[in-house]
Every structure is written in C-alpha cells, then in structure tokens.
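> Everything below, folded, please.
(one chain, ligands or ions: 2)
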Amino acid sequence: MSTFSAPKGTYDLLPPDSAIVLAVREALAAPARRAGYGYVETPGFEHTELFSRGVGESTDIVTKEMYTLTTRGGTHLALRPEGTASVLRAVLQANLHRAGNLPAKLWYSGTYYRYERPQAGRYRHFSQVGAEAVGAEDPALDAELIILAADAFASLGLTGVRLLLNTLGDRECRPAYRAALQDFLRGLDLDADTRARVEINPLRVLDDKRESVRRQLAEAPRLRDHLCQACKAYHEQVRELLTAEGVAFTDDDRLVRGLDYYTRTTFEFVHDGLGSQSAVGGGGRYDGLSELIGGPPLPSVGWALGVDRTVLALRAEGVEPPVPATVEVFAVPLGSEARRVLFGLVTALRRAGVATDLAYGERGVKSAMRSANRSGARFAVVAGERDLAEGVAQLKDLESGEQSPVPLASLVEEVRGRLAPPV
Ligand code: ATP
Ligand code: MG
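Ligands and ions are numbered 1, 2, ... in the order given. Here you go, the predicted structure:
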C-alpha cells in the first residue's frame, strides 16, 4: 500500500515552521488579552443549523463550503466554518449576558473548516485568532477592537497591513438602501445566480469581483447617501478614535457583509503581498445576530484574523518573528557510563528551567556533535570516561568554540549563570 498524504487543501505544521505559527497565534492574541478579553473555547463542530442561521443561508460558507455530517444518532452537525456564531451561542447558553457586566469580552484561537478551492492562502483547514465583545453598543468598543488587531499585526513587525473601513447602517436606514439598491440591480444585465443574489442578499453583489459586474456597478446607489443621523454620528466617532490613536484607514464603501445582522462598523485588514487572497483579517458589528439564533437583542462587535495568511504576509515581507530557542544545551555522552550520568544532568538542567536535549542512540562523537550544532544550542556538554573519573564534564561554547572542564556538581549553576543575560 502506498503511504498517505494529507487531504487536499490541508497542510502539516512541522518544526521549524511550526514555531513561527505558534509565535503568530500568540502575537495576534496578546493585545486582546491585555485589554480584558478572556479565553473562550467552543467545540470543533456544532449543530448545522447554528451556522445556517448564524452565518446565513445565502452565504457561500453555508451553501457551498460547510463540512456537514449526520451522526449515527441522526443529528446534523457541521465542522465549524467560523467562530462568531459559536461564541455567541456559548455566551447565550451560559447566560453570560444575564450576569450583568457587559460587554462580555472574549478571545479565541482555533482551526476552522471550509470546503473551498484550495490555493495559496486559501485552505480547507485553517487557523484564526478571534475576539468578540458581546452586549454593548459603543463606538469606543469598535475602535478598541480595530486598534487591538492593528497593534497585533504591528507587533509582529509587519508594515504592509492596510485597514479598510466602512459602515453598513442599521435597522433604521439599511432597509431603504437595500430596496434602492435592489431597484438598481434589477435593471442590470446579470447572470441567473447573481439575479437570485439580488433578491436575497443584494449588498453582497457590490462585492462581486468580476469585471463584467463591476463595470455595471459604477452608478449604484451609495449607502453613505442613505445613512441615518445616528449611524453617521456613530461612524464619525469610530473614525475619530482611530485617528486620535494613530491608526490609519481607508474609507471603502464597497466593503460589505451582505447579511442583515451585520450593522454599522465593518472592516478588513489586507496585505498587498498575498495575491488575490489579500484579507488577513476582518470583522465588524453584528447587532442582529443574537436574535437570529434565539437570544435577546445583544449588540456586539468582533473580528477574526487569519493565522495562515499572517504567516504568509511575514514571509512576503521577509520578516522573521522572534521564536524562543528550542534548546540551549545539548549533551553528548561518550560511552555507557557517561550516558547514564548525562541523562541525570539533562533532567536536572530541564528542571532548572534550561531547555536541554541529549544525543540519543549509540553514536560516534562526530555524529553527536553534528546534532549538537544543528540543534541551535548555545552550549554542548561533552563527557567521556576520563572526564567522569575526574568528576567533570567539558562545557563547550558552540559559538566561540571554547571548551573547559566544569565539575559535575556545579554544572547546572554554571550553565545557568552563563546563559543569563549580563546585568
Ligand atoms: P475571503 O474573502 O478571503 O474568502 P472571508 O471573508 O471568507 O475571506 P472571514 O470569514 O472574514 O474571511 O475570516 C477571517 C480571516 O480568516 C480572513 O481575513 C482570512 O485571513 C482568514 N481565512 C478565511 N478563509 C480562509 C481560508 N480558506 N484559508 C485560510 N485563511 C482563511
Ligand atoms: Mg471566504
């Protein structure tokens, strides 16, 4: 039988690249943690209906991209295609919204599944870090989340991330705009699929990437001409807060999320080094979502940042995020007695907080030293029978090549002292 390979649209993470992915996840989440967001973890699958309602029957995610299954017991489940619906479901289920103290601020990190056409930056299994602030309407909250995401990208050393910003109006002003847009779109020359979309989800047509459609949209009615006073004022405050904190953005009134539960602030972070998969993150307000999944009105705002694409953006900019050294010390025993003694020493070093590895298997000194050099360790500890007889091991600085005997009894302290940054 031939060997297996990972399914189409998926990839494995292995060292050394996996360390970069961990560093990226950590960096994307850190600003939210510092802003009072608590960690939330939800199941990898949910009732399919949560997503068909919460993401929307008319979206590509629900119509084409969901991995669904029926259990032996007859329950319809779907692998999660995104995080927001699950997080809101969890908040409602735990009654967090009744405990007072709103907004409930939550962050998450996980893998998501969409049956997409795989290409660079677009996978069937991918990673997001997300943050949601549930149960409050305040332009400062929208601005806070946008700033946290911008700071997260900046903390990785990325300089090419741009922020696109828009407002989608609310229940007051959106319906009239939607109707005006539909009137306009019905007069265009569109294919059957797009005509159907005009009826269910007309705002999404504004997002159509095809030139034949784009050309016809130049004269489409603009949402900004239909915004109510409250939406205008709200958006102006978000823009002012971002500007005051030095977060640059581009107003983009083509940036839409067509679903009715998306309201007001909407935004996307893009990177120009990623080809057509340019979005590294996105989010916005979803004041109507809670009611759609059976909850009370709970105005909320959030984002999800793509870990895979952020890694690609780092690569495109040639930026390497700092990753912790895997090992600092590598032990090379020569002979069976040395293997026993160094095994004990390695354990003691690890317990003292020093990342340490050992040359396993009965190998010659050359091959073992090669492993020591490849490990990235700063020091090698080498010991043979003669060293043991004298109660020492050789401590070799792998950068300078200098080597000196150190008594076994004081080796842990010696190594710790030499690794500590000079004060
Ligand atoms: P796109 O327009 O690129 O399909 P989206 O609108 O479907 O993105 P969201 O649902 O807002 O994306 O997800 C947030 C982020 O997750 C995206 O900005 C992107 O970085 C990442 N992402 C979404 N789908 C994928 C995927 N299939 N593979 C890798 N990353 C993805
Ligand atoms: Mg998509």
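
> Am I right that residue 409 is in contact with residue 348?
No - Residue 409 is beyond contact range of residue 348, at 10.6 Å (criterion: C-beta atoms under 8 Å). All C-beta spots, glycine's among them, are computed from the backbone N, C-alpha and C.

> higher neighbour count, those two?
residue 348 (15 against 10; other C-beta atoms under 10 Å).

> Excluding sequence neighbours, find me the nearest residue to the more buried one.
Computed as C-beta to C-beta, 6 or more residues apart in numbering, the closest residue to residue 348 that is not its neighbour in sequence is residue 412, at 5.3 Å.

> On the three-state scheme, the one you found is what?
For residue 412, the assignment made with DSSP: H, G, I helix; E, B strand; the rest coil gives helix.

> I'd say it and residue 352 touch.
Yes - using C-beta under 8 Å, residue 412 is in contact with residue 352, at 5.1 Å.

> These two - which one has more neighbours?
Applying other C-beta under 10 Å to residue 412 and residue 352 shows that residue 412 carries more neighbours, namely 19 against 12.

> what about the more buried one, distance to ligand 1?
45 Å (C-beta to the nearest ligand atom, to the nearest Å).

> now residue 288
Taking C-beta to the nearest ligand atom, one finds residue 288 at 17 Å from ligand 1.

> Number of residues surrounding that residue?
18.

> Up against ligand 1, what does the stretch 251-400 of the chain have?
277, 279-282, 304, 306, 308-309 (C-beta under 6 Å from any ligand atom).

> what domains does the record give for this structure?
17-173+227-317, 329-417 (automatic domain parsing).

> Now do stretch 115-122: distance to the chain's middle.
From the chain centre to the centre of stretch 115-122 is a distance of 16 Å (C-alpha atoms, centre = their mean, to the nearest Å).

> May I see the buried residues of it?
116, 121-122 (16 or more other C-beta atoms under 10 Å).

> any idea which of those residues is the one closest to residue 295?
residue 116 (29.4 Å; C-beta to C-beta).

> got a list of what residue 214 touches?
residue 208 (C-beta atoms under 8 Å, 6 or more residues apart in numbering).

> host element of it?
Element membership for residue 214, per DSSP states H and E: helix 211-216.

> List the buried residues of that helix.
213, 216.

> Return that helix as CSV; C-alpha atoms alone will do.
Below are the C-alpha coordinates for helix 211-216, written out as CSV (Å, rounded to 0.1, in the frame of the first residue of the first chain):
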residue,chain,number,x,y,z
GLU,A,211,-15.1,42.9,-14.2
SER,A,212,-18.4,42.4,-16.2
VAL,A,213,-20.3,43.1,-13.0
ARG,A,214,-18.1,45.7,-11.6
ARG,A,215,-18.4,47.8,-14.7
GLN,A,216,-22.2,48.0,-14.2
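
> I'd like the average pLDDT over whichever helix or strand comes after it.
Past helix 211-216, further along toward the C-terminus, the next helix or strand under DSSP H and E is helix 229-244. Mean per-residue pLDDT for helix 229-244: 98.

> Okay, helices next: where are they in the stretch 301-423 of the chain?
307-317, 336-351, 365-374, 385-389, 411-419 (DSSP state H, counting those that start in this stretch).
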